[in-house]
Structures are given as C-alpha cells and as structure tokens.
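Peer 1: structure for the following, please:
(one chain, ligands or ions: 1)
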Amino acid sequence: MSTDAAHETPLPSDSPPAPPCTLVIFGASGDLTKRLLMPALYNLSAGKLLSEDFKVVAVDHNENTDAGFRESLSETMQSFTKDTSSEFHPDHIDATAWGFVRDRIHFRHGDFAESATFRDLAGVLTGNVVFYLAVSARFFGPIVEHLGKAGLLTQADGAFRRVVVEKPFGSDLASAKALNATLLAQGDESQFFRIDHFLGKETVQSILALRFANGLLEPVWRAGHVASIEITAAETIGVEQRGAFYEPTGALRDMVPNHLFQLLCMVAMEAPDSLAAEAIRDAKSRLLEAIRPIPPEDAVRGQYTDGTEFGRAVPGYRAEPNVSADSRTETYVALKLTIDTPRWEGVPFYLRTGKRMTDRATEIAVHFRPPAQSPFLGACAMAPDTLRLRIDPEQGMSLGLNAKRPGPEMRLGRVVATFEYGDFFHESPSVGYETLLYDCMTGDATLFQRADGIEAGWAAVEPLLQAWRDAPVAFYPAGSDGPEEAAALLTRDGNAWLPLGKG
Ligand code: BG6
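Peer 2: The predicted model follows:
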C-alpha cells in the first residue's frame with residue numbers, strides 16, 4: 001500500500017535523470033510549494049532523477065534571502081516526519097537527497113504584477129526553464145503575459161521554455177477560453193502544461209493498462225456488457241480554512257470538469273492510436289466532446305450541515321470561516337452522464353463527489369450486465385459482477401462475482417477477488433507530483449490537459465453552472481453518504497450507489 005511505501009527509504013529509479021533545467025516557482029512561499037513541490041523534488045532527488053545542473057529559482061513577493069528561504073524549507077521538511085496527517089510523512093529526511101535540492105534553491109523577491117520582476121529574471125535565466133505557477137488563479141494570465149513580453153518564453157538554441165499552470169483553469173467555459181487565448185498568444189500549446197494532479201496518481205494511469213492490455217477485459221468494456229459505471233471522489237475533510245476560495249467555487253467547479261472528468265476519460269475513452277502523448281490526448285478530447293450537456297434534472301447539489309467526522313463533532317459548511325451564513329454553495333455533487341458514442345450507447349455514468357462524507361474513497365465501479373442466457377436466470381438471484389478500481393486511499397482492485405454457496409442446494413453467494421498494488425509492485429514514495437514535475441522537464445505532455453480538452457470539460461457542465469446560479473441546495477449531515485436526492489437520482493433508473501468505504 002502506498003501509505004506504507006511512503007515511509008520507506010526512497011530507492012533510485014531506473015529512469016534517467018531529467019535534462020538540466022531551472023524550475024522557477026512563482027508563489028514560492030505558498031502552501032503548494034511547501035506541502036507538495038518540495039517533497040516531490042526531494043523524492044526525485046532521492047531517486048536520482050534530477051540533473052546535476054538542476055536549479056530552483058523561488059520567486060515571491062515576501063522579502064527573504066537564499067539562506068533564510070532554504071532554512072525555512074528545511075524546517076518544514078523536518079516537520080513532515082512528525083505530521084501523520086500530511087501527504088508526505090517520511091520517517092526521516094535523507095540529508096543527501098534534501099541537501100541536493102536545498103543547495104540549488106535561490107530566492108528572488110518579486111511582485112508578479114511588476115514588469116521589473118520579469119526583466120530581472122530575463123537577466124539571469126539561461127537554457128531550459130520550467131515556470132511553475134503555484135499562485136492563485138487570478139495571476140495565471142498576467143504572469144504568462146509578463147513572461148511573454150519579457151521574452152522568457154522564446155525557445156532559442158534548442159532550449160525549452162515551459163509553463164506549468166495549476167488548477168482551477170477558468171471558472172466556466174468563457175473564462176477557460178479566455179485564459180487559453182491569453183496563454184496561446186504568448187507561446188505554443190506544447191509549452192503549456194495544465195496540471196490535474198489526479199493524473200499524477202499511478203492508479204489513475206494504470207486504468208489504461210487494465211483496459212487495453214488485458215484480453216479478458218477489453219472486449220467487454222462497452223455497452224452490451226457494461227450496465228453502468230460509477231465514479232466517486234468522497235472526502236471526509238470539510239472546507240475548513242478554504243472558505244474564501246470555496247465560496248465562489250463549489251464542488252462542481254472544484255472537482256467535476258477536471259478531476260472526475262479525467263477519471264471518466266481514462267475509463268471511457270476509445271483506445272488511443274498509440275501511447276504517444278498526442279494520441280492519448282486526442283482520445284481524451286474526443287470523449288469529453290461526446291459528453292451530452294448535462295440536464296439540470298440529472299444532477300443534485302448538496303451542502304453539509306453539522307455532524308461528525310469519525311465521531312468528532314464538526315460544524316456545517318455555513319459555519320466554516322469565510323463562508324456566508326446563508327451560502328448556497330454546494331459541497332456535494334451527484335450527476336448522471338450520457339456519452340454519445342456507440343461504445344457507451346445506453347450506459348449511464350454516475351458521478352459523485354463531496355466533502356464531509358462517511359469515508360474517503362476515490363474509486364470507479366464498473367457494473368456488468370448479467371449473462372444474456374443462463375440456466376441461473378430465474379432460478380437464483382444473481383448479483384451483477386462489479387469491478388471496483390480503487391484509486392485513493394486504497395490502491396488496488398476488487399472483482400465481485402457469483403459463486404456457489406457450499407451446501408446440497410445450488411444457491412449463489414457473493415465472492416470478492418481483490419488485489420493491492422503494494423503486494424505486487426514496489427512503489428517509490430510519492431506525493432503525486434513527482435511524475436508530473438519529471439514529465440514537464442522531459443517534455444512528456446501525456447498527463448497534462450490540452451486546451452481543447454479543458455474547454456470540452458467546461459462545455460459539458462455549462463448547463464449546470466447556468467441552472468445552479470439561483471438554485472437551492474439539498475442538505476446532508478457531515479459524516480453521511482450525501483443527500484437523499486442523490487440516492488433518488490439512481491433509484492429512478494433502478495440502480496443504487498455503492499456504499500462508501502471498503503465495501
Ligand atoms: C483539489 C481540490 O484539487 O483536489 C480539493 O481543490 C480536493 O478541494 C482535492 O480536496 C482532492 O484531491 P486528493 O488527491 O486529496 O483526492
């Protein structure tokens with residue numbers, strides 16, 4: 001299991017180190033840098049995946065020095081050894097691996113709104129550069145414009161200039177299109193790496209292998225064999241300190257056109273022509289474009305009220321800091337999707353995501369149809385075969401099948417075959433950003449979103465964004481499986497959500 005693997009000493013990897021490169025981080029004092037980027041660089045360093053000529057230029061509007069900044073990051077890295085709630089919680093920090101990164105970090109004071117910041121950078125940066133926008137979304141466009149104007153995106157003498165754009169990428173179709181236009185006015189599509197951290201999860205990438213590398217599964221992965229597919233991203237945490245971001249955002253924008261649709265792509269796209277980045281991104285874009293715009297009657301929005309998290313009393317969403325007392329922002333979404341491709345004709349896709357749910361579980365459940373002809377039909381109650389792909393925090397798969405119960409009569413019982421990745425593969429410690437950072441440096445765009453894919457995702461949810469402007473929310477107590485209306489959405493089709501948890 002990855003949770004145990006995260007405690008192991010990092011092992012060197014078989015992959016070659018990334019090419020020499022300077023990683024310029026805008027928003028260097030922020031949470032993302034501390035919690036994810038630095039641990040990811042540390043893990044890459046431990047795996048010998050960074051070039052000797054790797055450098056970090058940390059840009060932030062707060063004053064600091066190289067020594068001061070390095071020291072504060074070193075303290076944060078040490079603090080993770082005691083923080084079991086963190087994504088990154090190693091037993092100890094390997095001095096050599098961290099020293100390699102620490103000694104290559106240079107701090108630069110700069111305001112992202114000032115051209116002078118970028119002129120200064122242009123004076124010191126040479127060769128390959130990856131600019132990482134670890135900043136609030138409102139700075140994405142302006143920073144890229146400054147980079148372009150300062151000539152920092154010009155790729156000369158074989159050197160690359162790339163920009164990593166975090167999420168949220170826009171807040172609706174119009175704003176996503178505008179941001180894409182801003183980016184593409186300053187550089188080429190191949191220079192922009194739009195991150196969706198769900199694609200950094202090995203278990204998500206593995207869905208392609210499962211579907212297209214197994215003769216047993218590939219032929220049945222379609223209408224005729226599949227009855228329905230459920231995609232769940234349930235969290236136990238609440239909005240807590242993120243109210244200011246979450247109030248205008250809500251669960252739909254935060255999770256659906258990005259994370260859940262990436263899972264949907266992996267599970268539903270057609271076979272790409274090859275494993276090349278563009279072939280995979282073409283197949284994903286075609287799938288996203290085939291999502292029928294979601295009618296509001298096929299979606300439910302919910303908001304948590306006070307309740308419990310693992311037995312501890314927790315406040316409702318409206319009582320969280322920076323949240324309006326009569327907020328109608330949703331913290332839960334459930335919806336039914338139709339995909340207009342022959343492969344998925346008549347197969348409903350049910351998606352749900354929420355905060356403050358009973359259990360944390362990101363998973364996909366594929367429910368298969370019963371056999372068309374069988375001596376058991378009418379004789380015994382047959383449960384559908386269900387394949388559950390567990391992405392987080394469990395990492396593995398389970399297949400629920402019918403078997404004969406022991407005894408003189410022919411009666412069926414449920415058996416479940418399971419496997420966990422950790423039982424078969426050694427996993428290198430990961431916070432989910434290692435592969436993404438490495439891929440930016442090597443120029444592999446497979447796990448990043450292309451402009452057309454981003455826009456197709458927003459287009460599919462646009463009817464809901466419009467309809468939900470003034471719509472009420474359904475309530476659910478913190479620590480539950482979501483609002484009753486979400487259960488009703490499936491009951492309508494004679495289906496039911498799988499209970500959350502290991503099941
Ligand atoms: C982020 C969302 O993108 O993904 C958060 O903004 C959410 O609200 C998080 O909690 C979930 O990611 P993970 O990897 O913890 O499942």
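Peer 1: which positions in the chain make contact with the ligand?
Peer 2: Selection of the chain residues close to the ligand by CB under 6 Å from any ligand atom yields K167, E235, D254, T362, D392. Yep, even glycine has a C-beta here, placed from its N, CA and C like the rest.
Peer 1: one more pass at 8 Å, please.
Peer 2: Taking CB under 8 Å from any ligand atom as the criterion, the chain approaches the ligand at residues 87, 167-168, 197-198, 201, 233, 235, 237, 239, 242, 245-246, 249, 254-255, 258-259, 355, 360, 362, 392, 432.
Peer 1: buried subset of the residues you listed?
Peer 2: By neighbour count, with 16 or more other CB atoms under 10 Å, the residues of the chain next to the ligand hold 167-168, 197-198, 201, 233, 235, 239, 242, 246, 249, 254-255, 258-259, 355, 362, 392, 432 as buried.
Peer 1: taking these one by one, which sit in strands?
Peer 2: Within these, residues falling in strands by DSSP state E are A233, T362, D392.
Peer 1: what's the nearest residue to the last one if we skip its chain neighbours?
Peer 2: Sequence neighbours aside, T362 is the residue nearest to D392 in space, at 4.1 Å (criterion: CB to CB, 6 or more residues apart in numbering).
Peer 1: so for this structure, the centremost residue is which one?
Peer 2: Geometric centre of the chain, nearest residue: F198, 2.2 Å, by CA atoms, centre = their mean.
Peer 1: isn't that residue up against F261?
Peer 2: No. Assessed by CB atoms under 8 Å, F198 is found out of contact with F261, at 9.6 Å.
Peer 1: compute the distance between the residue nearest to D103 when sequence neighbours are not counted and the ligand, please.
Peer 2: Excluding the flanking residues, the one nearest D103 by CB to CB, 6+ apart is R70, at 7.7 Å. Distance, R70 to the ligand, by CB to the nearest ligand atom, to the nearest Å: 28 Å.
Peer 1: R70: how many residues sit nearby?
Peer 2: 20 (other CB atoms under 10 Å).
Peer 1: please point out which parts of the host helix or strand of it sit buried.
Peer 2: Per DSSP states H and E, R70 falls inside helix 66-79. Of all the residues in helix 66-79, those buried under the rule 16+ other CB under 10 Å are F69, R70, L73, S74, M77.
Peer 1: the strands in the stretch 251-400 of the chain, which residues?
Peer 2: Listed in chain order, the strands found in the stretch 251-400 of the chain under DSSP state E, counting those that start in this stretch are 299-305, 307-309, 312-314, 332-337, 349-354, 361-368, 386-392, 396-404.
Peer 1: relative to A379, which of the ones you listed is closest?
Peer 2: Proximity to A379 (CB to CB) singles out strand 396-404 among the strands of the stretch 251-400 of the chain, at 12.0 Å.
Peer 1: quick one: list the elements packing against the closest one.
Peer 2: Helices and strands touching strand 396-404, by 3 or more CB pairs under 8 Å, 6 or more residues apart in numbering; DSSP states H and E, are strand 386-392, strand 412-420, helix 421-424.
Peer 1: distance between the longest one and the chain's centre?
Peer 2: In other words, strand 412-420. Distance, stretch centre to chain centre, for strand 412-420: 28 Å (CA atoms, centre = their mean, to the nearest Å).
Peer 1: list the strands paired with that strand, with their directions.
Peer 2: Strand pairing for strand 412-420, determined by DSSP bridges: strand 396-404 (antiparallel).
Peer 1: the partner strand vs strand 361-368, what angle?
Peer 2: With axes from the mean of the first three to the mean of the last three CA atoms, to 10 degrees applied, the angle from strand 396-404 to strand 361-368 works out at 40 degrees.
Peer 1: for T331, which non-adjacent residue is spatially closest?
Peer 2: Using CB to CB, 6+ apart, the closest residue to T331 is K355 (4.6 Å).
Peer 1: how much space separates the one you found from L199?
Peer 2: K355 sits 21 Å away from L199, going by CB to CB, to the nearest Å.
Peer 1: make a markdown table out of the helices and strands packed on strand 396-404 and add mean pLDDT and distance to A488.
Peer 2: Rendered in a markdown table, the data for the helices and strands packed on strand 396-404 read as follows (pLDDT from 0 to 100; distance: least, CB to CB, whole Å):
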| stretch | mean pLDDT | distance to A488 |
| --- | --- | --- |
| strand 386-392 | 96 | 21 |
| strand 412-420 | 95 | 26 |
| helix 421-424 | 91 | 35 |
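Peer 1: buried deepest among these, which one?
Peer 2: Mean neighbour count (mean count of other CB atoms under 10 Å) peaks for strand 386-392 among the helices and strands packed on strand 396-404, with a mean of 22.
Peer 1: so what does it touch, helix or strand wise?
Peer 2: In terms of contacts (3+ CB pairs under 8 Å, 6+ apart), strand 386-392 is packed against helix 202-212, strand 361-368, strand 396-404.
Peer 1: which parts of the stretch 101-250 of the chain are helices?
Peer 2: For the stretch 101-250 of the chain, the helices defined by DSSP state H, counting those that start in this stretch occupy 115-124, 140-149, 173-186, 202-212, 243-246, 250-255.
Peer 1: could you identify which of the ones you listed is most buried?
Peer 2: Mean neighbour counts were taken over the helices of the stretch 101-250 of the chain using mean count of other CB under 10 Å, and the top value, a mean of 23, falls to helix 250-255.
Peer 1: contacting residues around that one?
Peer 2: 168, 171-172, 233, 246, 301, 329-333, 353-355, 461, 464-465, 468 (CB atoms under 8 Å, 6 or more residues apart in numbering).
Peer 1: next one: stretch 68-77
Peer 2: The contact list for stretch 68-77, computed with CB under 8 Å, 6+ apart, reads 28, 34, 38-39, 42, 58, 64, 93, 98, 102-103, 105, 107.
Peer 1: what is the neighbour count of A271?
Peer 2: Using other CB under 10 Å: A271 sits among 13 other residues.
Peer 1: which residue packs closest to it, ignoring adjacent ones?
Peer 2: F212 is the one closest to A271 (CB to CB, 6+ apart), at 5.5 Å.
Peer 1: pretty sure that neighbour sits against E218.
Peer 2: Yes. Using CB under 8 Å, F212 is in contact with E218, at 6.2 Å.
Peer 1: so how far is T308 from T358?
Peer 2: Distance from T358 to T308, by CB to CB: 10 Å.
Peer 1: more crowded one of those two?
Peer 2: Between T358 and T308, counting by other CB under 10 Å, T358 is the more crowded of the two (20 against 15).
Peer 1: any idea of the pLDDT on that one?
Peer 2: Note for T358: predicted pLDDT of 95.
Peer 1: which neighbours do T358 and T308 share?
Peer 2: Common contacts of T358 and T308 (CB under 8 Å, 6+ apart): G479.
Peer 1: shaky segments in this protein?
Peer 2: Residues of the chain meeting the criterion pLDDT under 70: 1-13, 501-503.
Peer 1: and the residue of this protein that's closest to the ligand?
Peer 2: Nearest to the ligand, among the residues of the chain, is D254, at 4.8 Å (CB to the nearest ligand atom).
Peer 1: closest to P408 out of the buried residues of helix 66-79?
Peer 2: M77 (63.7 Å).
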